[in-house]
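In: sequence and predicted structure, then a few things I'm wondering about:
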Amino acid sequence: MDRHDLELFIEHRKAIVYGGGGGAVRGLMLVDNAVASEWHENSIQTCYIDGDFEAALDMAKFLLAHCQEKGIEKVYGFTCNHPPITRALEKLGFKKPETKAIIFEKHL
């Protein structure tokens, strides 16, 4: 992903930016619904999550609240196997499937 790709996510309102003091960015979550369209599901997925535990937790809470408001039934959390992020998703009730891939999902 390059700067242009990131700008497109932000422009299309598919980015959650977790800010810190002085305008610093402490976390970033990119969301997409391409898979939902392909699978004909009422779902959304993250395609990138970065940040510490607090940032990941707050961004995921924000995403879940948005999804509940919009009536979205399932959230897939695709992420790297970075303990602060995976712990945050697990704390919010995301379940890791029995595969080697790091894919979390939560039914709403």
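Out: Happy to help now that I have it. Please read all numbers here as calculations on a predicted model, not as lab measurements.

In: quick one: the helices in this structure?
Out: Ranges of helices in the chain, per DSSP state H, are 3-11, 34-39, 53-70, 83-91.

In: only C-alpha atoms, please: export stretch 64-75 in PDB.
Out: Provided in PDB are the C-alpha atoms of stretch 64-75 (Å, rounded to 0.1, in the frame of the first residue of the first chain):
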ATOM      1  CA  LEU A  64     -18.600  -2.300  16.200                       C
ATOM      2  CA  ALA A  65     -20.800   0.600  17.300                       C
ATOM      3  CA  HIS A  66     -20.900   1.900  13.700                       C
ATOM      4  CA  CYS A  67     -21.900  -1.600  12.400                       C
ATOM      5  CA  GLN A  68     -24.600  -2.000  15.000                       C
ATOM      6  CA  GLU A  69     -26.000   1.400  14.000                       C
ATOM      7  CA  LYS A  70     -26.000   0.300  10.400                       C
ATOM      8  CA  GLY A  71     -27.500  -3.100  11.000                       C
ATOM      9  CA  ILE A  72     -24.300  -5.000   9.900                       C
ATOM     10  CA  GLU A  73     -24.500  -8.600  11.100                       C
ATOM     11  CA  LYS A  74     -20.800  -9.700  11.100                       C
ATOM     12  CA  VAL A  75     -17.400  -8.200  11.300                       C
END
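
In: what does that stretch rub up against?
Out: 41-46, 63, 92, 94, 105-108 (Cβ atoms under 8 Å, 6 or more residues apart in numbering). Bear in mind the C-beta positions are built from the backbone N, C-alpha and C, glycine included.

In: in the sheet, who's paired with the residue most central in space within the chain?
Out: Closest residue to the average C-alpha location of the chain: residue 46 at 3.7 Å, with Cα atoms, centre = their mean. Beta-bridge partners for residue 46, by DSSP bridges, are residue 31, residue 77.

In: and if you look at residue 104?
Out: residue 77.

In: next up, the contacts around it.
Out: Residue 104 neighbours (Cβ under 8 Å, 6+ apart): 76-79, 86, 89-90, 94-96.
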